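Participant: requesting a structural model of the entry that follows:
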Amino acid sequence: MPDQQEQAKLRSLIDLYKRNLERELGVKVEKSSQINSQEYQQFKEEFMPTHLGWYEKACNISEKVLRIKPDKKQAAALQESIDICHLGITPSGAVSFSFLAPTLLIVSGSLFSYMLFQSMFFILFFAVGGAALIRVFGKMPEFLANNWRLKASNQMVLSVFYVVTYMRHTPNLENAIVFASDHLAPPLALDLRKIMWDVETENYSSVKEALDAYLETWKKWNMEFVEAFHLIESSLYEGDEARRLGSLDKALDVILEETYEKMLHYAHNLQNPITMLHMLGVIMPILGLVILPLVVSFTENAKWYHIALIYNIILPIIVYFMGKSILSKRPTGYGDTDISEENPELKKYKTIRLNLGGMEVQMSPLVISVIVFLVCFAIGMSPLFLHAAGFPDFGFGGDDPKSQCGARFCMLEYKENPTTGVLDGPFGLGSALISLFVPLSLGLLIGLYYRLRSKDVISIRNRAKQLELEFAAALFQLGNRLGDNLPVEIAVEKVSTSMEGTISGSFFRLVSMNQRRLGMGIDEAIFDPKRGALVQFPSSMIESSMKVLTQSIRKGPKIAAQALTNVSRYIKEIHKVNERLKDIMSDIISSMKSQINFLAPAIAGVVIGITSMVTTILSKLGQQLKEVTSSVGTDAAAAPTGLLTIFGQGIPTFHFQIIVGIYVVQIVYILTIMANGIENGADKLNEEYLLGKNVIRSTILYCLIALTVMIMFNMIAGSILTVSLSG
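Facilitator: This next block holds a predicted model:
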């Protein structure tokens, strides 16, 4: 009651000053929403992903061009999603964009494709695709909100850890939330800062009120997070110190135990969706390619670009959205973040650093990736360039007078289409083998970019992770030394000596050296931006533990010892639950890794070899039937014209292989994102590292298998056909 009376007095005082200002200035004084809006926009731009900015602009423009109002139920659902991911749009703007963008795509795509191909297939494709996009874009706020939840829920265990860790030694909820937001990365850091922003801008009268309003948005999705924070809030009302600390400990236990239970159910329910994704995304499409050469040979209007549209656009989009749907159901987890986002000093490790005359020059990995791509792509497309330049065909594998190039296997081998009279190709085995450089160029473009971008940063983070594993024991030792009433400088030196040879020992030795040699205090020795120990060991968990040390040591060694002992116990508990989570996900992850590393590229490589052999056999049989027809002469009754019309030109293995190779790169890319998302949540840095490793390895494996099988099967087919033709 006294608080409410004070707030009422404060509001009346503000109203009084506002009326006086209005009278003096002669204008109506509104609440400073414009200033707040500008400040909040600046505050939001520092943390919001760039693609959300583009989506916001598109929705706001669409609302001005074509304003469509959703019904009340849809508007409420859209507004909830918009609020979750802090989008600056309205439900009407989201719906307007979902209709306007697909409509423009249908009209422009249909006109362009008809002018280019004069084919109803593409008009139908754009019509159906555009209609499907209306639903997809209509769900875009929900999709973005699910992504936001996935990233935020990945940090919830750590957020509770930071709040509990701070409140053990200082029972202040406001400072604890600020402490957590300082050590978390976006998006949860943005949510916590928004809580403080709402209090500062008087949207809510207290931190507890703003926090409770924020927790309401998570009740449907992460009840354990809500329960943990309610226990933290309840600790503030406990009169007994032991019960207050017990309530804080219970908060961390609740989120850890319920996280494990929910992840266990998620792992059990994943089996069927993952199997379906594997069948629809890998097995059926690739095995379906085996019969496609026959279908195309007997279907005159089927072209390679029809297959490319299905395999390189439609199927990857379907598999991607299926994967995202599976990931959206992932419960709260414990994951890592990109340390370069938390520490801008580490961003230079995402570039290629060259030492030129004592000066360090930074170059984007994209430059190297694009150069490699252009070289490999030019080699892969060289058969088309050679034909366009009028280069004479040549061959290998022995003489064959009946062949266009005079050899058993031709390099180019273009054939005249009997229907259009246009040369189709290249059908030669040499072109098919060289075409492997096209998917290789794409795989190296993606793989090299992500590998060069992430390998240095991931090694720094792995070193910090190794320190985190040891750090619980190191903190326990440091707590014991402080408990013996030793000064913090001596305690740090003793821990560094006792843990010599470990990463934790190196960390504390660096702190001790900064204190002894440079005369730094404990704060500077750890947190100094240039010389501090954390520069070489960037970890939010270690930084927060050291913040607890520096803040609690002011209250005395005994308080600091107790605080560090509890932090040590928390780190061990979090690590134990994280290992249990990895254990229950191991079967599914190992299955997906086998698909990425071997099954998908191996099956596709074998299929290309079979396709190449079938195409060669059909081509040779078509030539043989033409020779038989011409030898019959004018005897129309004896001429096997029915058989002759069965075999069409078919699709060259050159085009076919490029389509399949690109699909392999796409499916490996999608499955890698899926596997990382299931195992680690929204860990962008690890995702980039795995993409760099998996895409390069799987693409090279596919190219090697396809190369070997194509040569082997074509040699077998060539020898069989030589015997049959000579016979």
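Participant: my guess is residue 547 contacts residue 179. True?
Facilitator: Yes. Residue 547 is within contact range of residue 179, at 7.2 Å (criterion: C-beta atoms under 8 Å). All C-beta atoms are positioned from the backbone trio N, CA, C, and that covers glycine.
Participant: more crowded one of those two?
Facilitator: Neighbour count, other C-beta atoms under 10 Å: between residue 547 and residue 179, residue 179 has more, with 22 against 19.
Participant: quick check: that one vs residue 544, distance?
Facilitator: The gap separating residue 179 from residue 544 is 7 Å, by C-beta to C-beta, to the nearest Å.
Participant: OK, contacts around residue 204?
Facilitator: 198, 210, 213 (C-beta atoms under 8 Å, 6 or more residues apart in numbering).
Participant: how many residues are close by the first one?
Facilitator: For residue 198, the number of neighbouring residues by other C-beta under 10 Å comes to 17.
Participant: element containing it?
Facilitator: Remark: residue 198 resides in helix 188-200, with elements defined by DSSP states H and E.
Participant: mind giving me the packing neighbours of that helix?
Facilitator: helix 33-45, helix 140-153, helix 156-169, helix 173-183, helix 207-216 (3 or more C-beta pairs under 8 Å, 6 or more residues apart in numbering; DSSP states H and E).
Participant: could you export the ones you listed as TSV, including mean pLDDT and distance to residue 346?
Facilitator: Formatted as TSV, the helices and strands packed on helix 188-200 follow (pLDDT from 0 to 100; distance: least, C-beta to C-beta, whole Å):
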stretch	mean pLDDT	distance to residue 346
helix 33-45	47	21
helix 140-153	79	20
helix 156-169	83	19
helix 173-183	85	16
helix 207-216	89	30
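Participant: and those, which is most packed in?
Facilitator: helix 156-169 (a mean of 24; mean count of other C-beta atoms under 10 Å).
Participant: circling back to that earlier point, got the contact list for the helix holding residue 198?
Facilitator: In contact with helix 188-200 (C-beta under 8 Å, 6+ apart) are residues 40, 43-44, 47-48, 86, 151-152, 155-156, 159, 174, 177-178, 180-182, 184, 204-207, 210-211, 213-214.
Participant: got the CA coordinates for that helix in CSV?
Facilitator: This file holds the C-alpha atoms of helix 188-200, laid out as CSV (Å, rounded to 0.1, in the frame of the first residue of the first chain):
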residue,chain,number,x,y,z
LEU,A,188,17.7,-13.6,-24.9
ALA,A,189,20.0,-10.7,-24.0
LEU,A,190,17.7,-8.4,-26.1
ASP,A,191,14.6,-9.8,-24.2
LEU,A,192,16.2,-9.1,-20.8
ARG,A,193,17.3,-5.6,-21.8
LYS,A,194,13.8,-5.0,-23.1
ILE,A,195,12.5,-5.8,-19.5
MET,A,196,14.7,-3.1,-18.2
TRP,A,197,13.7,-0.8,-21.0
ASP,A,198,10.1,-1.2,-20.2
VAL,A,199,10.8,-0.2,-16.6
GLU,A,200,12.8,2.9,-17.6
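Participant: let me see the mean pLDDT of the helix ranked longest in the chain.
Facilitator: As assigned by DSSP state H, the longest helix anywhere in the chain is helix 437-483. Mean pLDDT, taken over the full extent of helix 437-483, equals 85.
Participant: okay, and the common contacts of residue 179 and residue 544?
Facilitator: Common neighbours of residue 179 and residue 544 (C-beta under 8 Å, 6+ apart) are residue 162.
Participant: and residue 96, what does it touch?
Facilitator: Residue 96 neighbours (C-beta under 8 Å, 6+ apart): 59, 62, 63, 65, 66, 67, 68.
Participant: which of the residues you listed lies closest to residue 489?
Facilitator: Proximity of those to residue 489 (C-beta to C-beta) peaks at residue 59, which lies at 57.0 Å.
Participant: what separates the closest one from residue 568, distance-wise?
Facilitator: 48 Å.
Participant: tell me which of these two has more neighbours.
Facilitator: The residue with more neighbours, out of residue 59 and residue 568, is residue 59; 27 against 20, by other C-beta under 10 Å.
Participant: could you measure from that one over to residue 132?
Facilitator: Residue 59 is 19 Å from residue 132, by C-beta to C-beta.
Participant: ditto for residue 310
Facilitator: Applying C-beta to C-beta to residue 310 and residue 132 gives a distance of 14 Å.
Participant: with residue 314 instead?
Facilitator: 10 Å.
Participant: go on, residue 514?
Facilitator: Distance from residue 514 to residue 132, by C-beta to C-beta: 60 Å.
Participant: got it, and residue 320?
Facilitator: Taken as C-beta to C-beta, the span from residue 320 to residue 132 is 13 Å.
Participant: between these two, which is the more surrounded one?
Facilitator: Between residue 320 and residue 132, counting by other C-beta under 10 Å, residue 320 is the more crowded of the two (17 against 14).
Participant: element containing the nearest residue to the more buried one once chain neighbours are set aside, please.
Facilitator: Closest residue to residue 320 apart from its sequence neighbours, by C-beta to C-beta, 6 or more residues apart in numbering: residue 670 at 5.3 Å. Assigned by DSSP H and E, residue 670 belongs to helix 653-680.
Participant: thank you, goodbye.
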